[in-house]
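Peer 1: Next one to model:
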Amino acid sequence: MGLVPYPASVPLEQIKRLVLDAVSSSSTRTMYAKALDDFFAWRAEQGSPPFNRAAVQAHRTVLESKGYAPSTINQRLAAVKKLAREAAANGWLDAETAASIDQVAGIKQQGVRAGNWLTRAQAEALINYPDPSTLKGKRDRAVLALLVGCGLRRGEAVSLTLDHLQQRDGRWVIVDLRGKHGRVRTIPVPAWVKLALDLWLEAARIGEGRLLRSLNRHGRVTGSSLSPQAVLAAVRFYGRELGLKIQPHDLRRTCAKLCRAAGGELEQIQVLLGHASITTTERYLGSRQDLAHAPNDRIGLHWREE
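Peer 2: Model (predicted):
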């Protein structure tokens, strides 16, 4: 049976910290923290019932009654299940109870989730929206270009340094980028993306360190880096200006869609985005990354002449 109440020396917050420390993605960490806080609050309202399968199933029912989407409920359940596994691994919950919690069924999702992405015309309007006459506009154009043209996650974009930009096979690439779950990949940089980066770096007088930097309200570089939250805010802002409701990951999906529409090979797009199935794809298909004929070169977006 579950260990309830928890010993005073092992508060729920301590278990929560162990869970969050084991998560590599910053966005997942934020989501897990919110999910666990809500679970703890609900449990306290119920009189702190035993942490077992029945409690987790009851919490799932409450989430359903509040009208949360299946994907949201399943994400929150994943956080609670990880809490149980971490508690068991550290001797605070017996293995049988943890296993029964892990077996709580998620919510079935009907149909196929297609996600959101932009058309070619919308993507071109988006990258051209920031004002190129200002330093902020140049910075934001570089941000949007990296997301749309190279399919980067926002965390990957803000981690880029000048050392990542190198030439391979006669072209510019982002070399050895460490992405989700520590996977490393090399990403071709289309000419229009490189142009946006060059204009920003020259105007900001950046010669080393991080490519993307924070600016103050006067439009001056004030920091040595840019936060993922700032990228999120920028994407949402320019999206709203164009009447679009978009997130940074929608631009990554847009990159994949435009690459495919332009004739990019599926396995090359998988390599470009660094999906988890790359190793399996390479093993079965024997495919290798073709930097000389990169799929994102075919997107073909253009900067407007000023």
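
Peer 1: From here on, just use CA atoms for contacts and neighbour counts.
Peer 2: Noted.

Peer 1: Tell me which stretches of the stretch 101-250 of the chain form helices.
Peer 2: Taking DSSP state H, counting those that start in this stretch to define them, one finds helices in the stretch 101-250 of the chain at 120-128, 135-150, 154-159, 191-204, 228-241, 248-261.

Peer 1: which residues touch the first one?
Peer 2: Outside helix 120-128, the residues within contact range by C-alpha atoms under 8 Å, 6 or more residues apart in numbering are 141, 144-145, 148, 238-239, 242, 254, 258, 301-304.

Peer 1: low-scoring pLDDT stretches of the stretch 1-150 of the chain, where are they?
Peer 2: Judged by pLDDT under 70, the stretch 1-150 of the chain has its weakly predicted residues at 1-11, 109-115.

Peer 1: The longest strand seen in the chain packs against which elements?
Peer 2: The residue-count maximum for a strand in the chain (DSSP state E) belongs to strand 171-178. In this structure, strand 171-178 packs against strand 165-168, strand 184-188, with contacts taken as 3 or more C-alpha pairs under 8 Å, 6 or more residues apart in numbering; DSSP states H and E.

Peer 1: follow-up on the earlier one: tell me which of the helices of the stretch 101-250 of the chain is the most buried.
Peer 2: Among the helices of the stretch 101-250 of the chain, the stretch with the highest mean neighbour count (mean count of other C-alpha atoms under 10 Å) is helix 135-150, at a mean of 25.

Peer 1: how much distance is there from that helix to the middle of the chain?
Peer 2: Put simply, helix 135-150 sits 17 Å off its chain's centre (C-alpha atoms, centre = their mean, to the nearest Å).

Peer 1: Show me what that helix is packed up against.
Peer 2: helix 120-128, helix 154-159, helix 191-204, helix 228-241, helix 248-261.

Peer 1: still on that earlier bit, minimum distance to L177: which of the helices of the stretch 101-250 of the chain has it?
Peer 2: Closest to L177 of those is helix 154-159 (C-alpha to C-alpha; 7.6 Å).

Peer 1: Give the rounded mean pLDDT of the closest one.
Peer 2: Mean pLDDT, helix 154-159: 95.

Peer 1: quick one: it to chain centroid distance?
Peer 2: Counting by C-alpha atoms, centre = their mean, helix 154-159 is centred 9 Å from the centre of its parent chain.

Peer 1: on that earlier part again, and the helices of the stretch 101-250 of the chain as CSV, adding distance to D94?
Peer 2: Output for these, formatted as CSV (distance: least, C-alpha to C-alpha, whole Å):
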stretch, distance to D94
helix 120-128, 52
helix 135-150, 44
helix 154-159, 36
helix 191-204, 53
helix 228-241, 38
helix 248-261, 38
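
Peer 1: List just the one of these that sits closest to G182.
Peer 2: helix 154-159 (11.1 Å).

Peer 1: returning to that earlier point: same list (the helices and strands packed on helix 135-150) but as a markdown table, adding distance to E13.
Peer 2: Output for the helices and strands packed on helix 135-150, formatted as a markdown table (distance: least, C-alpha to C-alpha, whole Å):
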| stretch | distance to E13 |
| --- | --- |
| helix 120-128 | 42 |
| helix 154-159 | 26 |
| helix 191-204 | 43 |
| helix 228-241 | 25 |
| helix 248-261 | 30 |
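
Peer 1: which ones are touching the closest residue in space to R178 that isn't next to it in sequence?
Peer 2: In this structure, R178 finds its nearest non-sequential neighbour in V184, 4.4 Å apart by C-alpha to C-alpha, 6 or more residues apart in numbering. Residues near V184 by C-alpha under 8 Å, 6+ apart: 176-178, 274.

Peer 1: still on that earlier bit, neighbouring strands for the longest strand of the chain, and are they parallel or not?
Peer 2: strand 165-168 (antiparallel), strand 184-188 (antiparallel) (DSSP bridges).

Peer 1: Restricting to C-alpha, output that strand in PDB.
Peer 2: Taking Å, rounded to 0.1, in the frame of the first residue of the first chain, the C-alpha atoms of strand 171-178 are listed here in PDB:
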ATOM      1  CA  ARG A 171      27.900  25.700 -47.200                       C
ATOM      2  CA  TRP A 172      27.000  27.300 -43.800                       C
ATOM      3  CA  VAL A 173      25.700  24.900 -41.200                       C
ATOM      4  CA  ILE A 174      25.000  24.800 -37.500                       C
ATOM      5  CA  VAL A 175      27.300  22.100 -36.300                       C
ATOM      6  CA  ASP A 176      26.900  19.700 -33.400                       C
ATOM      7  CA  LEU A 177      23.800  21.200 -31.900                       C
ATOM      8  CA  ARG A 178      22.700  19.400 -28.800                       C
END
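
Peer 1: Show me how far it is from its chain's centre.
Peer 2: So, by C-alpha atoms, centre = their mean, the centroid of strand 171-178 is 18 Å from its chain's centroid.

Peer 1: same check, this time on stretch 295-306
Peer 2: 24 Å.

Peer 1: could you give the mean pLDDT of that stretch?
Peer 2: 83.
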